[in-house]
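1. Please work out how this folds:
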Amino acid sequence: MKVAVTYENGMVFQHFGHTKQFKVYDVENGQITGSQVMDTNGQGHGALATLLSQSGIDVLICGGIGAGAINALADAGIQLYGGTAGYADDVVKAYLSGNLKFDSNVHCEHHDHGHGHNCGEHSCGEDKHGCTGN
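-> Next up, the predicted model:
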């Protein structure tokens, strides 16, 4: 099984469609057997679901994510755990132990509003974007 996490500086990156990297974990018998960082090469939103699918990803762990990307991941058969935050390695270990805290209703209904909004954590201080998450 392969688990991907939106990734930046060791942490879960908080906006799926803008992630520049995924950390991909190889998992066998509930244990991490290897990991590597994969660049997205500038792809965004729906194209990322295709990239993950073509890379054999089974599970995606992320922060905020838009409805279109949620649908693209579902169409690709990738299981989604959104609304997470923290160190990527820790969230994967929590997932594998059945203790991952996530929001099954996470979604962002906005894009490119340009003020540093952090989906999943609401760091921009505005509610009007329609994000749900942590």
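
2. what about the nearest residue to Tyr81 once chain neighbours are set aside, neighbour count?
-> Sequence neighbours aside, Phe102 is the residue nearest to Tyr81 in space, at 4.3 Å (criterion: Cβ to Cβ, 6 or more residues apart in numbering). Quick note: C-beta positions are derived from backbone N, CA and C, even for glycine. By the criterion of other Cβ atoms under 10 Å, Phe102 has 21 neighbours.

3. His15 contacts Gly64, correct?
-> Yes - the pair His15 / Gly64 is scored as a contact, 5.3 Å apart, by Cβ atoms under 8 Å.

4. hey, where'd the strands end up in this protein?
-> 2-8, 11-12, 21-28, 31-39, 59-61, 79-81 (DSSP state E).

5. ok, and for the longest one, which residues are buried?
-> Within strand 31-39, the residues that count as buried by 16 or more other Cβ atoms under 10 Å are Ser35.

6. Show me where this structure has its helices.
-> For the chain, the helices defined by DSSP state H occupy 46-54, 67-75, 88-96.

7. which residues touch the first one?
-> Looking back up the chat, that one is helix 46-54. Helix 46-54 is contacted by residues 4, 16-17, 19, 22, 40, 43, 60, 68-69, 72-73, 75-78 when judged by Cβ atoms under 8 Å, 6 or more residues apart in numbering.

8. avg pLDDT for it?
-> What helix 46-54 shows for mean pLDDT is 90.

9. Repeat that for the last one.
-> Rounded to a whole number, the mean pLDDT of helix 88-96 is 97.

10. Same question for the second one.
-> Computed over helix 67-75, the mean pLDDT rounds to 91.

11. if I look at Gln43, how far off is Gly10?
-> 22 Å (Cβ to Cβ, to the nearest Å).

12. which one of those two has more residues nearby?
-> It is Gln43, of Gln43 and Gly10, that has more neighbours when counted by other Cβ under 10 Å, with 15 against 11.

13. ok, the more buried one - contacts?
-> Leu51.
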